[in-house]
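Student: Got a predicted model here, sequence first, then my questions.
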2 protein chains.
Amino acid sequence: MVRRRKNPEERRREIVAAAARLAGKTGLGSISLRSVAQEAGVAPGLVNHYFPAVEQLVAEAFAQLGGDDLRDHFATIRKESAPVQQMRIYLRSALAEQPDSMRLLAVEAYYLARYHPLLSDALTVLVDAWDSEMAHLIDEGTRNGAFRSDDPMKSAIHIFALIDAFALQAVALSHARLGIVREMTIQATERELGLAKGSLQLDVA
Amino acid sequence: MVRRRKNPEERRREIVAAAARLAGKTGLGSISLRSVAQEAGVAPGLVNHYFPAVEQLVAEAFAQLGGDDLRDHFATIRKESAPVQQMRIYLRSALAEQPDSMRLLAVEAYYLARYHPLLSDALTVLVDAWDSEMAHLIDEGTRNGAFRSDDPMKSAIHIFALIDAFALQAVALSHARLGIVREMTIQATERELGLAKGSLQLDVA
DNA sequence: CTCCTTATTGGTCATATGGACAATAAGGAG
DNA sequence: CTCCTTATTGTCCATATGACCAATAAGGAG
């Protein structure tokens, strides 16, 4: 095997990136010493060298994917200037019929978190980040006059709880239920933000 | 090893029961040929004899646990006669701080369902059963005049989506968030059933 | 140019998994 | 009481996992 000696930080990043790529395709469960080593094009022992415990690698890969996903979403949201439109854009992607890979990953992470302290921490950090970004958005909208919310953070948590519920259903259950939960989420969000019924209807441009 | 030859149906039930016991304690992931064989006090090969694929056993164990849990809950609920009190009783157990084993199992099942067709089917059956039992309860309450709901099934699905969201959080996240989601679920349920704010407050006897 | 740190490799171990199979004996049928 | 079906056992195999470790060589320091 051709050996190429790299800067440790860089190699470490490469390994995390490889693990994240795998998880994005086939879930956190597909992260193993050997699979990651192959994906990164290095020997399995090297993965072990940087991550004495695979647990750590799983947690970092999840944090990586989650962070990227969060940034992507808010970059898209921020392209809109009107708060109502921002919220509509977000709901449209969060309530899409077929779950994107991050949503599947999140459900997996919720489940694994029970046996996996490091992943649990990463999940907490990610959820907190979403909460505060969303609270910030709601706060802006409220000052702007577009929304009405006494407690933006509370509103954010409320909205995410509903979206989580949708995600859970979307992973496993029927389309009929999905439709009902989607409607419910939209209406509850409108109510939470003091919007008129129908303001967040997704099919409206 | 002492060999005792039993009626096939009985032995099969024993094996499912052993698997269910394991899953109740340590999750569906702890069901394996060997662990179940040990729990049931038989040779691993016998488990294989009754369940050529472990997948089937996992699905049946989950169905067993889920069915028992459903029956238990509604047996308790039915002890109350007043619909509002029935609903309060149910919410109190569903929104309890520490998740009971069935709740953890459900989250696991939602996740595993993606890779596990038989478990997915079992989950669908269970969810449908909950929906229709709850819809029935709501329907009774509506005829009785205690509730007000245009579409009991839709109301049931709405309520369960919120409870699922709570369960998801309860498995992994902080108490602060839990409290917010609990309040939200109670208020949304009151609204869904046409009840006055506070009617379902859990600390009310 | 030489040396030495350490990134990197490849191989080994212990463990757990699902699955298949031949041998055995329990216990009901006749 | 005898026979025969099949429930039951113990064993074996292929595979995948995490983890450990000695040997090697890349590439910067001096």
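Tutor: Happy to help now that I have it.
Student: Pull up the distance across stretch A:45-55, start to finish.
Tutor: 15 Å (CA to CA, to the nearest Å).
Student: Quick check: mean pLDDT of it?
Tutor: What stretch A:45-55 shows for mean pLDDT is 97.
Student: Apart from its chain neighbours, what residue comes closest to the residue nearest the centre of chain A?
Tutor: The structure's chain A has its C-alpha centroid closest to residue A:66; by CA atoms, centre = their mean the separation is 4.8 Å. Ranked by CB to CB, 6 or more residues apart in numbering or on different chains and with sequence neighbours excluded, the top spatial neighbour of residue A:66 is residue A:126, at 4.1 Å. In short, each C-beta sits where N, CA and C put it, glycine included.
Student: Just list the residues touching residue A:36, thanks.
Tutor: By CB atoms under 8 Å, 6 or more residues apart in numbering or on different chains, the contact set of residue A:36 is A:15, A:18, A:19, A:22, A:47, A:57.
Student: mind checking which helix or strand the fifth one is in?
Tutor: Remark: residue A:47 resides in helix A:44-50, with elements defined by DSSP states H and E.
Student: Give me the helices and strands touching that helix, please.
Tutor: helix A:8-26, helix A:33-40 (3 or more CB pairs under 8 Å, 6 or more residues apart in numbering or on different chains; DSSP states H and E).
Student: Please identify the residues of chain A in proximity to DNA strand C?
Tutor: For chain A, the contact set with DNA strand C under CB under 7 Å from any atom of the strand comprises A:1, A:3-6, A:8, A:11, A:42-46, A:48-49.
Student: tell me the SS of residue A:90?
Tutor: Put simply, residue A:90 is helix when judged by DSSP: H, G, I helix; E, B strand; the rest coil.
Student: ok, residue A:160 to residue B:195 distance?
Tutor: 25 Å (CB to CB, to the nearest Å).
Student: nope, residue A:195 is what I was after
Tutor: 24 Å.
Student: can you give me the offset of the helix holding residue A:47 from its chain's centre?
Tutor: 28 Å (CA atoms, centre = their mean, to the nearest Å).
Student: and what of stretch A:82-100?
Tutor: Relative to its chain's centre, stretch A:82-100 lies at 13 Å (CA atoms, centre = their mean).
Student: hmm, who's touching it?
Tutor: Here stretch A:82-100 makes contact (CB under 8 Å, 6+ apart) with A:73, A:76-78, A:80, A:137, A:140-141, A:144, A:146-147, A:163, A:166-167, A:170-171, A:175, A:178, A:182, A:185-186, A:189, A:193, A:195, A:199-202, A:204.
Student: Weed out the non-buried ones from those.
Tutor: A:73, A:77, A:137, A:141, A:146-147, A:163, A:166-167, A:170-171, A:178, A:182, A:185-186, A:189, A:193, A:195, A:199-200 (16 or more other CB atoms under 10 Å in any protein chain shown).
Student: re the thing from before, can the helices and strands packed on helix A:44-50 go into a markdown table with extra columns for mean pLDDT?
Tutor: Below are the helices and strands packed on helix A:44-50 laid out as a markdown table (pLDDT from 0 to 100):
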| stretch | mean pLDDT |
| --- | --- |
| helix A:8-26 | 97 |
| helix A:33-40 | 98 |
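Student: show me where chain A has strands.
Tutor: With strands called from DSSP state E, chain A shows none.
Student: And for residue A:154, nearest residue in space, chain neighbours not counted?
Tutor: Once flanking residues are discounted, residue A:154 sits nearest to residue B:180: 5.9 Å by CB to CB, 6+ apart.
Student: so that neighbour touches residue A:155, yeah?
Tutor: No. Between residue B:180 and residue A:155 there is no contact, the gap being 9.9 Å when judged by CB atoms under 8 Å.
Student: Give me the more crowded residue out of these two.
Tutor: residue A:155 (25 against 19; other CB atoms under 10 Å in any protein chain shown).
Student: The more buried one and residue A:190, how far apart?
Tutor: 11 Å.
Student: and DNA strand D, which of the residues of chain A next to DNA strand C reach it?
Tutor: Within the residues of chain A next to DNA strand C, those near DNA strand D by CB under 7 Å from any atom of the strand are A:3, A:4, A:5, A:6, A:44, A:45, A:48, A:49.
Student: Output these in a markdown table; the columns should cover neighbour count.
Tutor: A markdown table is the format used below for those (neighbours: other CB atoms under 10 Å in any protein chain shown):
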| residue | neighbour count |
| --- | --- |
| A:3 | 6 |
| A:4 | 8 |
| A:5 | 6 |
| A:6 | 11 |
| A:44 | 14 |
| A:45 | 9 |
| A:48 | 14 |
| A:49 | 14 |
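Student: Quick check: of the residues you listed, which lies closest to residue A:109?
Tutor: When those are compared for distance to residue A:109 (CB to CB), residue A:48 wins out at 23.1 Å.
Student: Could you give the number of residues near the nearest residue to residue A:29 once chain neighbours are set aside?
Tutor: For residue A:29, ignoring the flanking residues on the chain, the nearest one in space by CB to CB, 6+ apart is residue A:108 at 7.0 Å. Look at residue A:108: counted by other CB under 10 Å, it has 21 neighbours.
Student: Might you report the residue contacts of residue A:108?
Tutor: A:27, A:28, A:29, B:111.
Student: Which among those count as buried?
Tutor: Buried subset of these (neighbour count, 16+ other CB under 10 Å): A:27, A:28, B:111.
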